[in-house]
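Student: sequence and computational prediction follow.
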Amino acid sequence: MNTDKKSFILHLDMLSVIDGMTDEQAGRLFKAMRSYHMGSEVDLDAVTSMAFSFFKMQFDRDNEKYHNRVESNRSNGAKGGRPKKNKDLKTENPKNTVGYSKTQENPKNPSEPKKPDNDNVNDNDNDNVKDKEKTDRVDDAFNKFWSSYHKRQGKAQALKASRQAVKREKPETPDEFADMLIDDCRKRIESGQFGFDNLNASTYLNNNRWEDEIVTKSTEKSDDPWDDIWIPNWDTKTGRPR
């Protein structure tokens, strides 16, 4: 991937995969990241290649977001950008954009301010109730997802990410969305997907990680004894399976 970007992002919770790697493997992993952004490739062993695949998917997502934003800015610029303010437009009160006086007079009694429209007040109250009920449904679905997630850390950030994900994905119901996420996480944990057991829920939700391919341990036998290091239960001191 050779782009015109001058930098790339590394998410902190994704770096936890390095804990189970040797210093040599970790070094080759970072060289692979650099080479990928410079448009070249590095030969990697099975473990390092598997770890790099997760970073690569994140890099591709970030790059797509970047180019979408560039195209959007270019399109807006072609249309003239943000409209200029009309300097000739003057109002008595700059903070009153509607144009009414600070206290609108009551025709029946000019000395008294006009009372607010009760219909508008009731409509606003009803809208507020509906918004609260919708938020409650989203939060209830999140609590369902959270109670089953394997790494329950950073709940406030995860809740915020959940609300944004529902708004972004527009599922039929928040509860169905939560069920889909729970099932996806279960499959990834059961398959022993590399690094997923250390993934924070906020990162999973913010980056649509349920769309990633589920990468499992290869069933092919190899004469290389280091292939056994793919077992998820690492000894972080020796870099070998327990």
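Tutor: Received the coordinates, thanks.
Student: average pLDDT for stretch 80-93?
Tutor: Regarding stretch 80-93, the rounded mean pLDDT is 58.
Student: could you tell me which ranges of the protein sit under the pLDDT cut-off?
Tutor: Within the chain, the segments meeting pLDDT under 70 span 1-4, 81-127, 216-242.
Student: can you list the domains in it?
Tutor: 1-74, 132-210 (automatic domain parsing).
Student: out of those domains, nearest to residue 80?
Tutor: Across those, residue 80 has its closest neighbour in domain 1-74 (12.6 Å, C-beta to C-beta). Any C-beta I mention is one placed from the backbone N, CA and C, and that applies to glycine too.
Student: quick check: end-to-end length of stretch 201-210?
Tutor: Between the start and the finish of stretch 201-210 there is a gap of 11 Å, counting by C-alpha to C-alpha, to the nearest Å.
Student: what are the contacting residues of the strand or helix carrying residue 181?
Tutor: Assessed by DSSP states H and E, residue 181 sits inside helix 174-190. Helix 174-190 has contacts (C-beta atoms under 8 Å, 6 or more residues apart in numbering) with 137-138, 140-142, 144-145, 148-150, 165-166, 169, 171, 196-197, 204-205, 210, 214.
Student: just the buried positions in that helix, please.
Tutor: For helix 174-190, burial by neighbour count (16 or more other C-beta atoms under 10 Å) applies to 174, 177-179, 181-182, 184-185, 188.
Student: can you point out the buried residues in the helix of greatest length in the chain?
Tutor: Counting by DSSP state H, the longest helix found in the chain is helix 46-78. Across helix 46-78, burial judged by 16+ other C-beta under 10 Å covers 47-48, 50-52, 54-55, 57-59.
Student: between those, which is closest to residue 159?
Tutor: Distances from residue 159 to the buried residues of helix 46-78, taken as C-beta to C-beta, are shortest for residue 58 (22.1 Å).
Student: now do the contacts for the closest one.
Tutor: Neighbour list for residue 58: 9, 11, 14, 207 [criterion: C-beta under 8 Å, 6+ apart].
Student: nearest residue to the second one in space, please, no chain neighbours.
Tutor: Excluding the flanking residues, the one nearest residue 11 by C-beta to C-beta, 6 or more residues apart in numbering is residue 203, at 5.8 Å.
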